[in-house]
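K.L.:
Return atomic coordinates for the entry below.
(2 chains, ligands or ions: 2)
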Amino acid sequence: MSDAVGHSPALIAGQRAAPRVSLRGIVVPLLLPLALALIWEGAVTGGFAEGRLMPAPSTILATLGELARSGELEVHVLATTSRVAVGFLLGSIAGVLVGAITGHFALSRRVLDPTLQALRAIPSIAWVPLFILWLGIFEASKIALIAVGVFFPVYLGVMGAIASVDRKLVEVGRIFRLNSLQLVSRILLPAVLPATVVSLRGGLGLGWMFVVAAEFMGAAEGLGYLLIDGQQTGRPDLIIAAIVVFALLGKASDALLATVARPFLRWQDSYQTN
Amino acid sequence: MLHIGHVSKAFARGGPVLADVDLTVESGESVAIVGASGCGKSTLLRIIAGLEAPSGGTVTVAGETIQAPHPAVGMIFQEPRLLPWLTVAENIAFGIAALPASERTARVHEALDLIGLVEHASKWPRELSGGQSQRVAIARALVARPSVILLDEPFSALDAITRADLQRHMRALSQRMGLTLVIVTHDLEEALILGDRVAIMQPNPGRIAKIVSVQDDGNTDAVRRELASSFIHLNGARNAAILEGAHIQYAHTS
Ligand SMILES: Nc1ncnc2c1ncn2[C@@H]1O[C@H](COP(=O)(O)OP(=O)(O)OP(=O)(O)O)[C@@H](O)[C@H]1O
Ligand SMILES: [Mg+2]
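P.N.:
Ligands and ions are numbered 1, 2, ... in the order given. All right, here's what the predicted structure looks like:
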């Protein structure tokens, strides 16, 4: 897009720098969780609360440290993250493709969409027994579940975005006699990018949700396994440690996606990109 | 140069919108089309642009029949229709992507200079005022070097001062470049400023009922009176954004 007018310095001059990560932007959001952690820590050490079911933050940190030292944490994080990554990739590719096709061709929308909407109404977890029968108890069925969870929000978002591209902008493309490939690359794609990013972020969130369900259905490793393990061995610190890691991974992957997309969405009002 | 021959149009739903429209616009001439709302002005312009197919008749530009948008014909819409993901400079360059980069840059610079937006080159469309946006849309059409420019109520969304400014600007540009203009407007004053001739359309179905020539010394009272009275006669006073003086005089003499 940016090479449309070459790179004459005068044209590029006024462009603003990419937004920098400010210290305040990192500190302020952490204030509340840190304060809560401190209060809880105080409550447990002061004897006002019992740390057996709800262990103090220091205990959880110690558990995390121990998991990290033994190399166990890495194994679990890697297992879960790779499941989410593969499931997300498959689900979002399918979602973008099917969404683009149904969004663009009214006929395919009339044929496909009702069926897909009906499938969407099925709670995804209900597929689990079938996936296990079809794909076995190992990775394939887990990834299938995650991919299904990711597919629907991406499909819906992309379809809606394509179908609602401003006809007036498409006409500008026609006036300048773009062929259909150029119409897609120079008008449709950039127009649907913001909504696509939003739906991908939504899909990624669901991916993290479904990986837990997938790992509950029997896994020898993964953060979901750690949750079950903590429950069966009566170790709430293990459970909370796993939850904390989930939170960090979910937030980090979302931030990664947003960061990758940001350069392409600079043209939007800033309140939309944040 | 631009010839509209027996053009008619009926949409799939609804009755005839245009019936037997005939108009020839000479090279370098400017014709304003006025008429009541809904009489088919935009439809006629879209047919000339190749965005809509006529139900009957033909449009030719330099002897070529229009079946799809033609490289020699540019269009400026009522809304600027800038692509929000491109900067001002990139928007202006949108239609000339096939040219070599150096030529592209040169034309964009020239156009930015012409419309007085050089210092806004790297802004996003959302950072522009309505008048600035419409200037960019004009520049985007001009850099493709068309010989015919179609304008559909291009200044109607602007305030009076900006509108007058852009009308004069457009007039000067088109004379300098020898452009053939067809401008649709509901503003008779605008028609007088921009048109060498003014075609008055009548509704149901839309057709050109009268053509008034605007002499070079233009804007004489006689022309204003003729235009206003014809318009009111054909479309009813309710539909006109009427020329003040002419309307009052017309009302008094009738
Ligand atoms: N795509 C379409 N399908 C069906 N009817 C249409 C379509 N476009 C326009 N019409 C009809 O054609 C008639 C003329 O419309 P058009 O937009 O050309 O009017 P206009 O003279 O430009 O009006 P205005 O001054 O309000 O812009 C209207 O009655 C309108 O309802
Ligand atoms: Mg119109």
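
K.L.:
just how off-centre is stretch B:29-42 within its chain?
P.N.:
Distance of stretch B:29-42 from the chain centroid (Cα atoms, centre = their mean, to the nearest Å) equals 9 Å.

K.L.:
wait, does that stretch contact ligand 1?
P.N.:
Yes: Stretch B:29-42 reaches ligand 1 (Cβ under 6 Å from any ligand atom) through B:35, B:37-42. Where C-beta positions appear, they are placed from N, C-alpha and C, glycine not excepted.

K.L.:
just those residues now: which is nearest chain A?
P.N.:
Taking Cβ to the nearest Cβ as the measure, chain A lies nearest residue B:42 of the residues of stretch B:29-42 next to ligand 1, at 12.0 Å.

K.L.:
surely that closest one meets residue B:152?
P.N.:
Yes: if you go by Cβ atoms under 8 Å, residue B:42 and residue B:152 touch, sitting 5.5 Å apart.

K.L.:
Spell out which residues are contacts of both of those two.
P.N.:
residue B:184 (Cβ atoms under 8 Å, 6 or more residues apart in numbering or on different chains).

K.L.:
okay, and the helix or strand of the chain with the least pLDDT?
P.N.:
This is for chain A. helix A:9-12 (a mean of 41; mean pLDDT, DSSP states H and E).

K.L.:
wait, I meant chain B there
P.N.:
Per mean pLDDT, DSSP H and E, helix B:244-253 ranks last in chain B, at a mean of 45.

K.L.:
in the stretch 151-274 of chain A, which spans are helices?
P.N.:
According to DSSP state H, counting those that start in this stretch, the stretch 151-274 of chain A carries its helices in the segments A:167-175, A:180-183, A:189-216, A:223-232, A:236-261, A:270-273.

K.L.:
Next, name the residue at the spatial heart of chain A.
P.N.:
Geometric centre of chain A, nearest residue: residue A:204, 2.0 Å, by Cα atoms, centre = their mean.

K.L.:
any idea how far that one lies from ligand 1?
P.N.:
As judged by Cβ to the nearest ligand atom, to the nearest Å, residue A:204 and ligand 1 stand 40 Å apart.

K.L.:
Verify the stated contact: that residue with residue A:257.
P.N.:
Yes: Residue A:204 lies in contact with residue A:257 (Cβ under 8 Å); the separation is 6.1 Å.

K.L.:
Name the SS class of residue A:130, please.
P.N.:
Assigned by DSSP: H, G, I helix; E, B strand; the rest coil, the conformation of residue A:130 is helix.

K.L.:
any idea how far residue B:37 is from the closest residue to residue A:250 other than its chain neighbours?
P.N.:
By the measure of Cβ to Cβ, 6 or more residues apart in numbering or on different chains, the closest residue to residue A:250 outside its immediate chain neighbours is residue A:208, 4.7 Å from it. According to Cβ to Cβ, to the nearest Å, residue A:208 and residue B:37 sit 55 Å apart.

K.L.:
Please name whichever of the helices of the stretch 151-274 of chain A is nearest to residue B:122.
P.N.:
If you check each of those against residue B:122 by Cβ to Cβ, helix A:270-273 wins as the nearest, at 16.5 Å.

K.L.:
Quick check on residue A:55: phi, psi?
P.N.:
phi -60, psi 150 (degrees, to the nearest 10).

K.L.:
picking up where we left off before, among the residues of stretch B:29-42 next to ligand 1, which ones are in helices?
P.N.:
Residues from the residues of stretch B:29-42 next to ligand 1 lying in helices, with DSSP state H as the criterion: B:41-42.

K.L.:
now the residues of stretch B:29-42 next to ligand 1 in CSV, with pLDDT?
P.N.:
Shown next, in CSV, are these (pLDDT from 0 to 100):
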residue, pLDDT
B:35, 88
B:37, 86
B:38, 87
B:39, 89
B:40, 92
B:41, 93
B:42, 94
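
K.L.:
Run through the residues of stretch B:29-42 next to ligand 1 and flag the ones next to chain A.
P.N.:
Among the residues of stretch B:29-42 next to ligand 1, proximity to chain A is found for none (Cβ under 8 Å from any Cβ of the partner chain).

K.L.:
Return the member of the residues of stretch B:29-42 next to ligand 1 nearest to residue A:118.
P.N.:
Taking Cβ to Cβ as the measure, residue A:118 sits nearest to residue B:42 out of those, at 41.8 Å.

K.L.:
re the thing from before, neighbour-wise, which of residue A:208 and residue B:37 wins?
P.N.:
Legend: neighbour count by other Cβ atoms under 10 Å in any protein chain shown for residue A:208 and residue B:37, higher for residue A:208 (23 against 11).

K.L.:
That one and residue B:40, how far apart?
P.N.:
56 Å.

K.L.:
For the residue in the stretch 51-200 of chain A that chain B sits nearest to, which non-adjacent residue is closest in space?
P.N.:
Using Cβ to the nearest Cβ, the single residue of the stretch 51-200 of chain A nearest to chain B is residue A:176, 3.9 Å away. Here the nearest residue to residue A:176 in space, its sequence neighbours aside, is residue B:95; by Cβ to Cβ, 6+ apart that works out to 3.9 Å.

K.L.:
what do you get for residue A:268?
P.N.:
Nearest residue to residue A:268 in three dimensions, chain neighbours excluded: residue A:194, at 6.0 Å (Cβ to Cβ, 6+ apart).

K.L.:
ok, now residue B:28?
P.N.:
Once flanking residues are discounted, residue B:28 sits nearest to residue B:178: 4.8 Å by Cβ to Cβ, 6+ apart.

K.L.:
what sits against that neighbour?
P.N.:
By Cβ under 8 Å, 6+ apart, the residues touching residue B:178 are B:27-28, B:147.

K.L.:
which one of those is nearest ligand 1?
P.N.:
For these, the minimum distance to ligand 1 (Cβ to the nearest ligand atom) is 23.8 Å, reached by residue B:147.

K.L.:
tell me the pLDDT at the closest one?
P.N.:
Residue B:147 is assigned a predicted lDDT (pLDDT) of 94.

K.L.:
Ok, residue B:203 next?
P.N.:
For residue B:203, the model assigns a pLDDT of 86.

K.L.:
is it true that it touches residue B:35?
P.N.:
Yes: judged on Cβ under 8 Å, residue B:203 makes contact with residue B:35 at a distance of 6.9 Å.

K.L.:
Which of those two has more residues huddled nearby?
P.N.:
Neighbour count, other Cβ under 10 Å: between residue B:203 and residue B:35, residue B:35 has more, with 26 against 19.

K.L.:
Go ahead and confirm that one touches residue B:206.
P.N.:
Yes: assessed by Cβ under 8 Å, residue B:35 is found in contact with residue B:206 at 7.0 Å.

K.L.:
What are the boundaries of the strands in the stretch 151-254 of chain B?
P.N.:
In the stretch 151-254 of chain B, strands defined by DSSP state E, counting those that start in this stretch lie at B:180-184, B:197-202, B:207-213, listed in chain order.
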